[in-house]
Structure formats: structure tokens, C-alpha cells
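# show me the folded form of this:
(chains A and B)
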Amino acid sequence: MLAATLLNFNLLDGFAAAITPTNIGLALVGCLLGTLIGVLPGIGPITGVAILFPITLSLGLDDAATLILLASVYYGSQYGGSTTSILLNVPGEASSVVTTLDGYQMARQGRAGQALAIAAIGSFIAGTGSVIGLMLFGPPLSAVTTEFQSPEKFMVVLLAFATVSSLAGANIAKGLLAVTFGVMLATVGTDLQTGVNRFTFGQLKLQEGMDFVIIAIGLFAVSEVLTLLEDTLRGDAVVFQKAERVWITFKEFTESLGAIIRGSLIGFFVGLLPGTGASVAGFMSYGLEKRLSDTEGTFGHGDIRGVASPESANNAAAGGSLVPLLTLGIPGSGTTAVMLGILISMGIRPGSGNVFAETPELIWTLIASMYIGNLILLLLNFPLVKLFVKILEIPPWFLMPMILIISYIGVYSVNNSTLDITIMTLFGVIGFLCRRLAIPLAPILMGLILGDDLEQNFRRSLVASKGEYSTFVSGWLNVGLLVMVVLVLFLPQILSKLRGSNVKDEFADAGAEV
Amino acid sequence: MRAPGPQVAAEGDAPRSGWSDRALGIVCLVGAVAYTATARTYETTSFGSGPVGPKTLPTGVGIVFGVLALYLIARPDPGPTWPTRSAGLQVIAVVVASYFYGQLMEPLGFIVASGVLAIVIGFLFRAPMSKLVPLSILFPIVLAFIFNNWLALKLPTGIWGGF
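Below is the predicted model of the structure:
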């Protein structure tokens, strides 16, 4: 009882910190920008957060305000992705792939307004539920991390690598290749313990190491522009449906309420599992809802519950995935990987310490701001959907150079260095090739962000054990983590063999990016 | 490391060769060898480094990378559909334009360099010139105004920075 009171007190403190005029303003701006970004063809949440991070730094905001702004961008762009799923049949990111099934059909029947409304309402209810879940599960799980010594921390980083590798794409070897490449990038620079310059090729600038923001913008933003250029040249034009206004009847709402609640529950618990994230949640929830409620065969033909269910699930999963992210430092998606990078750059290292105990004000402010962001999105989308739809009419020939230019501004603002711009362009090309070769991009970023942690904990473990490698498998916690690594890597493969199909292939077919 | 089996191409797909993945595997293998060999040259200093030095982890990582590259060579996925020659050339043109944009941003200044980049890329996207040119001139000016005045970001002024 006391613990519960304490938790609520923390969240209330978070709300108190989040509800200042400046922060509400930032959340509003973030949601607006995020929705614009999510609606824009070709740029998703990862690109949005990565581009805006360095620009946000230049505003000179404090850490909490920066987090509020970027979290709002994240939420907003997810909602924007749902908008394009419904109106364009183009999912903004993997988590809204399922929404296209019934959402686009509804839009074709002239019911886009209702689809957009239930997506917003479902997301809001799910978001509310997942904040409560986060309050219950976050702090106790986070407390476990105080038991972690260097070998356990090393294993947790390996677990993060395993999950992010198995997340994206059908071929796990490619995920592992990507994450290893990321770790290799992380070893560039001066070794802090011995002062040895590694892989710097005599470049002074490289001694500081690779900046993840520059790599992220190159890998995601620049390569997206290149991919979109090629798609446009091939003439993959899309036809979008119009939405005049967003509205819903009370009957439609009550009809969907069951789907929303089931979707929220599934979403949250799927999100809790490290590495599953929002995209799996949407698929699972839709599948279950279809089996449960599709008595007249209306699913796939514009059933409102077919929108309510995955939209609630992916939003709840985004909340649920904050649990492994904030407790163990294991991100569930590319965007949360970027968020982790941002947290680390602020000196907050989930998984290496109990962030709920060490920096409660920041963590609870972040959680509170996500809740406020949900509310803002709900209020924002009803009146503004017509404006967002207009964005879709911006021609790619104008949009693409502008995305590039804004990316360059972001990168340039980090160090005022043109070498950074060259590195970003290089990683744009690498990202483009990776997309073609079905190499997932998020693991590269993960490897880069966590590579240093991996090495430091590796070295500390071996110093403590006087060079005995058996330290990594001593103790039940270590063995348990190792078993999880193996399960995460090989279980999906075994399951898909048994079932004869692979859910993740469906993501790949839908052209989604995880 | 035991790697999982290859993914079978969907039924009805035209058989595609695995040369793309093999080429990638070879590039990665060369990279792995070069990386590991370089890592081996980092000597552990006499104090403060303990049983593991600056080369231990990179060596391991390089070996893992090499093994994964070998796996890719041995069990490649069916290749992707690559861009046609003309689309490929246009993608390369955008990359080259972006590279020079980075190089010329400081001497030319943000507004001029951005305007030129927008026009070049718009041209590649076959934009109507009557709209492209005015928008490409106007938008960088608006951006520069926002970033310089509202966001306290100093963009290179070059030959014409304005504001």
C-alpha cells in the first residue's frame, strides 16, 4: 500500500513537472511536428526524432523539456503513421501495417473520419492503460538491476543486441551482422582506459568517436530520401482517400470499446517482452479480435473494430515497451533505440542502474508527458485532420530536398563540422544499400549506442575475475540472461518453422521498417 | 555460432540469384579481416589495463563479423530488385549533389547552397521548373530565418547569409 502511494506520488510529481506552460507548449509543438512527420511520405518516427534531436539541443532546453518534446514527436509521428495507413494504405511504420487492412477499406467507403476518430480514441485509452501498467511494473523490475554486476550488465547488452537483431527482417544473421557492424563503429575513437586511438586513421575528429545522431540521420533520413527517389522514378504512385472531418457516433464507439480494451491489454503485455514492440502487438491483437468478433466476415472489409484493435494494441505496446527500455535498456523498436541513445547522451543509462530510483524526476516527467501527449493528440487530430491531409499533397520533388536540407542543418549543428556531413552522406548510402539487401538499420544504431557499454562491462568483468571468462556464466542471473539471449535469437526461427509461416515476412512484404 | 536456416523465397517468385548477398558477404569479410588485423596492432600498455586491453573486444567482434559474412556467402538470400540503370544513376546524382552540398555549405553559405541543392534534386525528380525555382529560392530563406532567429542555430552565412 505504501509502495503504491509512493508510486502515485512520483507520477503526480511528474505531472507537476510536465504541466508547466513551457512544457505543455513543447508537447503541443512536438505532437504537431510529430504528426506532420508521420504523415509525410517517406519519413517515419525514427527519422523525425533523429533529425529533431540535435536541433532540440540547440534550443538550450533542460533534459526534461528535451525529453518531453522528443517523446511528443514520437507519439505524434506514430499517430501520423496511422493517418496515412487509413487514408493512403501506406503504413508510416511497421506498427501501423495492420491498420491498413480495415482502415483503408473504411476510407474507401467514405468512413475515413470514423476510422481516424477510433484510432485516436483507441490510442488514448490504450495510452492511459499503459501508463498505469508502467507505474506497476517499471519500478520493481528496475530495482532488480541494482543486483547487476559487470558480467550481468554485459549480458543485458547482449540481450539487447539479440532482441534488436531478431526484431527486423526474416534473416536473423543479417540482424546480427548489422549489430556487429554497429559495435565496430562504436570502437572508433580514443580508448578511454589506455588512451590508444583506435580506427581513427589519423583523423583528429574521429578520436571523439562516432556520434550516433550523425549516423542515425544518415542511415534513416538520407537513405529514405534515396529510396523514395527511386520509388518515385519507378512510378509507385499512391491514391489517397479524403477525410473531411473526424467524427464518430456513440454506437460506433461502444461497438469498439471491447476491441480497444482487449487490444490495450494484449499490446501492453506484448510490449513488456523485450524485443517484440508495437508491430507484433498490432498483428496479434488484430488476429485475436478477428477470431473473437468477426462473426459476419466483415474484418478486412472496413470493420471499425479492425482499426480499433491494432491501434490500441500498438499504442499500449509502445507504453509497455518502455518497461524493458527504462529498466534494462532494451529497446523494442528503432525509435526507442534512438530514444535510448538520447537518454544515454543525457547521462541516463537504463539497465546500468535503477533509473526509477536515481533520476525519478526525469523518468516520471517523461511518462507524464507521454500521457499528456496522448491527450493533446486526441484534441489536436479532430480539428486538424484536414490540414494533415493537405501535407500529403506536397510533391516529392519539393519534400525530398527539404528533408535533406533539414537533416544537414541538424548534423551541422552538432559540431559545425563538414566532415560530419560527409560521414552522414556516406551512411545515407550505406543505409540505402542495407534497405535493398534487407539488412535492418535499427541494429546498427543499437550496436553503436551500446557498444561502449558492452566493452566497458566486458573489461571490468575480466579485471574482476582476473581474466577468467567463466565469470560470464557464474550465477543464476547470468545463466538466466544467457538463456534469454539464446531464446530470443532462435525461438522465433523454430516457431516459424513449426507454423510454416513467419509473421515477420508479412512485415517485410508490407515494406515496413521496424 | 550456429546460424539459422535460410529463408525460402515465396512461392511464385521468379528465382533470383544470391549474388547480392554474396557480394555483401565478401565486402564484409574483407572489412572483418582488415578490422581485426588493425585491432591486433593496438598494444596493451604496461599499466592500468588489466587482463584485457584495447584489442581484446575488437578482435572478438571482428571475428564474429567475419563468421557472419562467411555465413552470408554460404547461404545467401535471393537478391533484391535493384534500381534500373537510369534510376540508379539518379540516386548516385543525388548522393554526389549531397556530398558537394556539404562541402560548399561553408564557402557559399546556407541559403545559396540549399537553393542550388533543391533545384538540382527537383530537376532529378522532374519537377515543373516554374514552381521549382521560386520555391527553391524562397524556402531556404525561410528556413535560415527560422533557424537563425528563433532556434539560435548559426548557419554558415557564406556569400549571402542574410539576417
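
# report the central residue of chain B.
Centroid check for chain B by C-alpha atoms, centre = their mean gives residue B:95 as the closest residue, at 9.1 Å.

# residue B:83 and residue A:435 touch, don't they?
No: with contact defined as C-beta atoms under 8 Å, residue B:83 and residue A:435 do not form a contacting pair (11.6 Å). The way it works is simple: take the backbone N, C-alpha and C, and place the C-beta from them, glycine included.

# on that earlier part again, surely the residue nearest to the centre of chain B is in contact with residue A:427?
No: using C-beta under 8 Å, residue B:95 is not in contact with residue A:427, being 11.4 Å away.

# and the gap between the residue most central in space within chain A and chain B?
The residue lying closest to the centre of chain A (C-alpha atoms, centre = their mean) is residue A:335, at 2.8 Å. Between residue A:335 and chain B the distance is 23 Å, computed by C-beta to the nearest C-beta, to the nearest Å.

# what score does that residue have for pLDDT?
We have a pLDDT of 74 for residue A:335.

# can you tell me the closest non-neighbouring residue to it?
Nearest residue to residue A:335 in three dimensions, chain neighbours excluded: residue A:45, at 4.4 Å (C-beta to C-beta, 6 or more residues apart in numbering or on different chains).

# cool, and residue A:86?
residue A:103 (3.7 Å).

# for that neighbour, give me its contacts.
Applying C-beta atoms under 8 Å, 6 or more residues apart in numbering or on different chains, one finds that residue A:103 lies in contact with A:82, A:85-86, A:115, A:119, A:306-307.

# am I right that it is in a strand?
No: Residue A:103 is assigned helix when assessed by DSSP: H, G, I helix; E, B strand; the rest coil, not a strand.

# report pLDDT for it.
pLDDT, residue A:103: 80.

# distance of it relative to residue A:111?
Using C-beta to C-beta, to the nearest Å, residue A:103 is found at 10 Å from residue A:111.

# show me chain B divided up by domain.
The record's domain parsing of chain B by automatic domain parsing lists B:19-74, B:85-150.

# sorry, back to before: quick check: the residue nearest to residue A:335 touching residue A:78?
Yes: look at residue A:45 against residue A:78 with C-beta under 8 Å: they come within range, at 5.9 Å.

# between the two, who's got more neighbours?
Per other C-beta atoms under 10 Å in any protein chain shown, whichever of residue A:45 and residue A:78 has more neighbours is residue A:45, with 31 against 27.

# separation between the more buried one and residue A:375?
19 Å.

# what is the burial count for the closest residue to residue A:208 other than its chain neighbours?
Computed as C-beta to C-beta, 6+ apart, the closest residue to residue A:208 that is not its neighbour in sequence is residue A:189, at 5.9 Å. By other C-beta under 10 Å, 18 other residues sit near residue A:189.

# residue A:189 is in contact with residue A:201, isn't it?
No: assessed by C-beta under 8 Å, residue A:189 is found out of contact with residue A:201, at 11.5 Å.

# with only the CA atoms kept, save stretch A:364-379 in PDB.
C-alpha atoms of stretch A:364-379 as PDB (Å, rounded to 0.1, in the frame of the first residue of the first chain):
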ATOM      1  CA  TRP A 364       8.200  10.300 -14.300                       C
ATOM      2  CA  THR A 365       8.200  13.600 -16.200                       C
ATOM      3  CA  LEU A 366       8.800  11.600 -19.400                       C
ATOM      4  CA  ILE A 367       5.900   9.200 -18.500                       C
ATOM      5  CA  ALA A 368       3.600  12.000 -17.600                       C
ATOM      6  CA  SER A 369       4.400  13.800 -20.800                       C
ATOM      7  CA  MET A 370       3.600  10.800 -22.800                       C
ATOM      8  CA  TYR A 371       0.200  10.800 -21.200                       C
ATOM      9  CA  ILE A 372      -0.300  14.500 -21.800                       C
ATOM     10  CA  GLY A 373       0.900  13.900 -25.400                       C
ATOM     11  CA  ASN A 374      -1.900  11.400 -25.900                       C
ATOM     12  CA  LEU A 375      -4.400  13.800 -24.700                       C
ATOM     13  CA  ILE A 376      -3.100  16.600 -26.900                       C
ATOM     14  CA  LEU A 377      -3.100  14.200 -29.900                       C
ATOM     15  CA  LEU A 378      -6.700  13.400 -29.300                       C
ATOM     16  CA  LEU A 379      -7.700  17.000 -29.100                       C
END
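
# just how off-centre is stretch A:212-227 within its chain?
Relative to its chain's centre, stretch A:212-227 lies at 16 Å (C-alpha atoms, centre = their mean, to the nearest Å).

# mean confidence for it?
Rounded mean pLDDT across stretch A:212-227 is 84.

# that one: end-to-end distance?
21 Å (C-alpha to C-alpha, to the nearest Å).

# and the stretch 51-200 of chain A, which residues reach chain B?
A:55, A:58-60, A:170-174, A:176-177, A:180-181, A:183-184, A:187, A:191, A:193-196, A:198-199 (C-beta under 8 Å from any C-beta of the partner chain).
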